[in-house]
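Trainee: Dropping the sequence and predicted coords here.
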Amino acid sequence: MRRVALLCALFMLVWTPTAAAAGETAAFTKVSDWGSGWEGRYTVTNGGSATITSWRVEFDLPAGTAINTHWDAVRGGTGNHYVFSNAGWNGTLAPGAAVSFGFNGSGPGTPANCTVNGSACGGGGTPGVPGAPGTPTVTGVTDTSISLSWPAASGTVTGYRVYEGSTVRANPAGTTATITGLAAGSTHTYTVAAVNAAGESARSAAVTATTSGGTGVPGTPGNVRVTGTTDSSISVAWNASGGTVSGYRVYEGNTVRATPTGTTATITGVPACTSRTYTVSAVGAGGESARSAPVTGTTTGCPQSPLPRHFLTGYWHNFTNPAVELRLRDVPAEYDLIAVAFAEASGTPGAVTFGVDPGLSTALGGYTNADFRADVATLHARGKKVILSVGGEAGRVSVGDATAANNFASSMRALITDFGFDGVDIDLENGLNPTFMGQALRSLRNAVGASLIITMAPQTIDMQSTGGSYFQLALNIRDILTVVHTQYYNSGSMLGCDQAQAYTQGTVNFMTALACIQLENGLRPDQVALGLPAGPGAAGGGIVAPSLVNNALDCLARGTNCGSFRPPRTYPGIRGAMTWSVNWDVSNGNNFARTVRPFLNTLP
């Protein structure tokens, strides 16, 4: 969450290149390394004679190395190609001036193929050979052909070469190719390299595919998906494999759970509210195919927290800014869950502290901790829940080892006891460690009990992939997690679960296509909510009419009022909505709460 009115976008996929000024450089430094991760920093320096007004640094990381969190820049890119551009406040550099941005990573590699505003990071003219293309995927097979696509390589690219062994099988200009003239039922392995005037890149990771027909091993089943769940079963379906197929095997780990002859199966005897992951292989006279990509489904019958089936969350400011200041008891009645923003880091690693902000106390004519405790009790009497949010844009709480995890849990437990909070919200925008934060939350849950409410408020970029630290944390604690209300704002345009195009923030498509990523990758619908700004002043981008929030919820729950993006299925249990913030909503006439909260009562 942000405490100021104007915020930089986190991820812009549409960019107009800026000509690099002479002498513009970007230097990488590994600041620290703690074994399981490391901190890196790039320093952009304007060595030219003219002021620049923006910068953009691109680089590649090798397989097995990834960036988890970042700060002081806008992050983009795909796969292991990373793009960092200036924030709204640090793009202008006078001659000789420099600015840095940083990130936390994991894995053994370091950046390569670096460019700044299109030129080599070390200075000079055109950079060298392109970066390696991303891992190819098989997009289609026939009896005589295999079609491929791959993520674009970084740098200047004039074309690609598709290799089978050391033989070039295609020379496309773009990121797709079809190799023809193959034997039916034959298996082939391909890699891809990018080329330009400076030479050829390293080759991509390999992909293997089998043409259809013949009597060989069938092709791998594609598009495995969950088609339905009950309290005790999960149904899956997939696209038919190429080649001669006599049947399929549905695996849970290494155990075969079903052996259908068609392209659907229902696995029964699964406990209620339980997630299971499946892969599928095809079987023919020539043997068994490779297994498909995994798919995860969750049975219904999950116990609900002490909150409505569909509810509205709002953040309450424990600080002053241009929004109206409120005593906690004056939060409008439409809000079911109030997240108090924010707990602060103490001098003890991992530990947090809380008290009424002195500036807010003065603005309200004297508002004390005792007043706040009484207000929590008042909201409880109205049937509301109050949780304490940890982090925010300026938050520096760090839980990076077992000791810090214990400190976090014990300090939060003390604050829950002291002030009467019903739970905790994780809103860390820098340096989230999923392992130790998960440990801390489980310790807290064990101490408080099953009534503990646990919510998360990741930035949009944090929930783009299950490999991200926030997504990992959500999946690791989904058995005790109440809801994730991702911030669908201050994000720029982003890919949705269809990976078909970049959707523009502030639209129904953006909300539904990005929520779909979580809904199709392991979180239950009752654990997913839409987080939006309350109106003008609350965010720098992604402000949306509350009526469009209702449309997005309707699309996800019923499949109606969708935009051009339509989710692969409906999610009647979608939990609701969150807004930043109660204070901004009151400043804007309570339009968000008065529009969205009544609509939640109409959802299935």
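Mentor: Received the coordinates, thanks.
Trainee: isn't Phe319 right next to Asp357, touching?
Mentor: Yes - in this structure, Phe319 is within contact of Asp357 by CB atoms under 8 Å, at 5.0 Å. For the C-beta atoms, the positions are set from N, CA and C on the backbone; glycine is no exception.
Trainee: Show me the contact partners of stretch 276-290.
Mentor: Outside stretch 276-290, the residues that touch it by CB atoms under 8 Å, 6 or more residues apart in numbering are 185, 208, 210, 215-221, 224, 234, 236, 238, 241, 243-253, 257, 267, 270, 291-299.
Trainee: Can you tell me which of those end up in helices?
Mentor: Among those, no member falls in helices (DSSP state H).
Trainee: filter the residues you listed to the buried ones?
Mentor: 185, 210, 216-221, 224, 234, 236, 238, 241, 243-245, 248-252, 257, 267, 270, 291-292, 295-299 (16 or more other CB atoms under 10 Å).
Trainee: Just the ones in strands from the residues you listed, please.
Mentor: Cross-referencing the buried ones among the contacts of stretch 276-290 against strands under DSSP state E gives 210, 224, 234, 236, 238, 248-252, 257, 267, 295-298.
Trainee: Identify, from these, the entry nearest to Trp71.
Mentor: Thr296 (31.2 Å; CB to CB).
Trainee: And that closest one, how far from Leu548?
Mentor: Distance of Thr296 to Leu548, computed by CB to CB, to the nearest Å: 30 Å.
Trainee: Can you name every helix or strand that the lengthiest helix in the chain contacts?
Mentor: Determined from DSSP H, the single longest helix within the chain is helix 402-419. Packing contacts for helix 402-419, counted by 3 or more CB pairs under 8 Å, 6 or more residues apart in numbering; DSSP states H and E, involve strand 352-353, helix 369-381, strand 385-392, strand 423-428, helix 434-448.
Trainee: Show residues contacting it.
Mentor: By CB under 8 Å, 6+ apart, helix 402-419 touches 343, 346, 348-354, 369, 372-373, 376, 388, 390, 397-399, 421-424, 436-437, 439-441, 443-444, 447-448.
Trainee: before we move on, what about stretch 240-257?
Mentor: Residues contacting stretch 240-257 (CB under 8 Å, 6+ apart): 141-142, 185, 210-222, 236, 238, 258-263, 265, 267, 276-286, 288-289, 291.
Trainee: could you dump the helices and strands packed on helix 402-419 to TSV with mean neighbour count, distance to Asp336 and mean pLDDT?
Mentor: Below are these laid out as TSV (neighbours: other CB atoms under 10 Å; distance: least, CB to CB, whole Å; pLDDT from 0 to 100):
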stretch	mean neighbour count	distance to Asp336	mean pLDDT
strand 352-353	18	24	94
helix 369-381	15	10	96
strand 385-392	24	7	90
strand 423-428	27	13	93
helix 434-448	20	20	94
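Trainee: tell me which residues of the longest helix of the chain are tucked away?
Mentor: Buried-residue list, helix 402-419, by 16+ other CB under 10 Å: 404-413, 415-416, 419.
Trainee: Please save the CA atoms from stretch 464-473 in CSV.
Mentor: Provided in CSV are the C-alpha atoms of stretch 464-473 (Å, rounded to 0.1, in the frame of the first residue of the first chain):
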residue,chain,number,x,y,z
GLN,A,464,2.2,-13.1,-11.8
SER,A,465,3.9,-16.4,-11.2
THR,A,466,3.9,-19.2,-8.6
GLY,A,467,7.6,-18.8,-8.5
GLY,A,468,7.3,-15.3,-6.9
SER,A,469,7.9,-15.1,-3.1
TYR,A,470,4.4,-13.8,-2.3
PHE,A,471,2.7,-16.5,-4.4
GLN,A,472,4.9,-19.1,-2.8
LEU,A,473,3.9,-17.9,0.7
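Trainee: Would you mark the buried spots in it?
Mentor: Within stretch 464-473, the residues that count as buried by 16+ other CB under 10 Å are Gln464, Gly468, Ser469, Tyr470, Phe471, Gln472, Leu473.
Trainee: again with stretch 274-289
Mentor: Neighbour-count burial for stretch 274-289 [16+ other CB under 10 Å]: Thr274, Ser275, Arg276, Tyr278, Thr279, Val280, Ser281, Ala282, Val283, Gly284, Gly286, Ser289.
Trainee: do the same with stretch 470-483
Mentor: Tyr470, Phe471, Gln472, Leu473, Ala474, Leu475, Asn476, Ile477, Arg478, Leu481, Thr482, Val483.
Trainee: measure it end to end?
Mentor: For stretch 470-483, the first-to-last residue distance is 13 Å (CA to CA, to the nearest Å).
Trainee: hmm, who's touching it?
Mentor: Applying CB under 8 Å, 6+ apart, the contact partners of stretch 470-483 are 275, 305, 307, 313, 423, 426, 432, 434-435, 437-438, 441-442, 445, 452-456, 458-459, 462-463, 465-466, 484, 518, 521-524, 526-529, 575-576.
Trainee: Alright, that wraps it up for me.
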